[in-house]
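1. With the sequence up front, the predicted model follows.
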Amino acid sequence: MQKAEINRLQAEINKAESDLEDTTITSPFDGVILSLPAFEGGKVNPGEAVVEISHPNDFQLEGSIDEIDVLHITPGMNAFITIDAESSLNVSGVVEEISITPSVQQGVVSYSVTVGLESVPSVQLRDGLSAVAEIVIENSPNQIAIPLNAIRGPEDNPFVLIKTESAVENRAVRLGLSDDFWVSVVDGLDEGETILVQGKPIVGEEFNMRSLRRPRGR
C-alpha cells in the first residue's frame, strides 16, 4: 500500500473520530434540564435547540420600565428584588440589559429590562415566579428624610414648620434627592426636631438616616 493511500485512510479515520466526538453534546455548566425537545433517532436541524438547561442559582428577572423612567436607568445599577411568593425574601441584583425596542400596549410605552439576581442558597427559586424590583437611581445615605408633603413654600425657597416648646416656626431648608413620597434634607433640619405634616406633628427621629431610593419597574 502506497504512503499516500495510508495518509488518506488515516485522515478518514481522524475525521470519523472527530465526527463521533461531535455527537456528544456537553453543557458548559452544571444545571437542571428544563426541556428536551430532541430524541434518539430524531432529526435535528441546524440552529435548533436540543436541550434547555438552567443554572440552579443563576436567575434573571425580566420586567418592564415605563418610558418616563427608562432614560434614568443604565446597566450596572443596583436593584432590590422582592419575590411575591416569599415577601420576606429580599434579593439584591444588578441591571444587566435594557431593550432599545419599545413595547406598546393600549397606548402605554414600556421597555423590557433584565436584572441579574444574586443566588439565594436558603430558597430554591423557580422559573416563572413573579417579583418586583426597586432600581437605585441615586442614593443619599446618612441624610435626614422627611415626607414630601411636609415641604412648604415655592420650589426655590422651601421651608418646613418646626414645632418648638412654645410656638411653631418656619425653617428654611435645602433639599436633596426626592421620590414621590420622601425628600432628603441637606441643610436646615436637625435630628430629633419635630416637623408638622398637614397639621399633624411628626417626630423628626422617625425619618432620619434613611437612604432614599426610588422604586422603579416590575
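-> Received it, and whenever you're ready, just let me know what you need. None of the values given here were measured: they were computed from a predicted structure. Residues are numbered from 1 along each chain as shown.

2. alpha carbons only for contacts and neighbour counts from here, please
-> Fine.

3. What's the separation between residue 141 and residue 176?
-> 11 Å (C-alpha to C-alpha, to the nearest Å).

4. for residue 168, same thing?
-> For residue 168, the distance to residue 176 - C-alpha to C-alpha - is 24 Å.

5. do residue 165 as well
-> Taken as C-alpha to C-alpha, the span from residue 165 to residue 176 is 28 Å.

6. Next up, the contacts around residue 118.
-> 57-59, 91-93 (C-alpha atoms under 8 Å, 6 or more residues apart in numbering).

7. For residue 132, name its beta-bridge partners.
-> residue 82 (DSSP bridges).

8. still on that earlier bit, who's more crowded, residue 165 and residue 176?
-> Neighbour count, other C-alpha atoms under 10 Å: between residue 165 and residue 176, residue 176 has more, with 15 against 5.

9. isn't that one right next to residue 182, touching?
-> No. Taking C-alpha atoms under 8 Å as the definition, residue 176 is not a contact partner of residue 182, at 10.2 Å.

10. So which of the contacts of residue 118 is surrounded by the most neighbours?
-> Of the contacts of residue 118, with other C-alpha under 10 Å as the count, residue 93 tops at 23 neighbours.

11. Just give me the longest helix of this structure.
-> helix 3-22 (DSSP state H).

12. quick check: mean pLDDT across it?
-> For helix 3-22, mean pLDDT rounds to 78.

13. before we move on, what about stretch 118-132?
-> 79.

14. measure residue 55 to residue 49 for me?
-> From residue 55 to residue 49 the distance is 17 Å (C-alpha to C-alpha).

15. what do you get for residue 68?
-> Separation of residue 68 from residue 49 (C-alpha to C-alpha): 37 Å.

16. do the same with residue 65
-> Residue 65 sits 30 Å away from residue 49, going by C-alpha to C-alpha.

17. And these two? Which one has more around it.
-> Counted by other C-alpha under 10 Å, residue 65 and residue 49 do not tie: residue 65 has more neighbours, with 21 against 12.

18. in a helix, that's where that one is, yeah?
-> No. Assessed with DSSP: H, G, I helix; E, B strand; the rest coil, residue 65 is strand; it does not lie in a helix.

19. partner residues bridging it?
-> In beta-bridge terms (that is, DSSP bridges), residue 65 pairs with residue 111.
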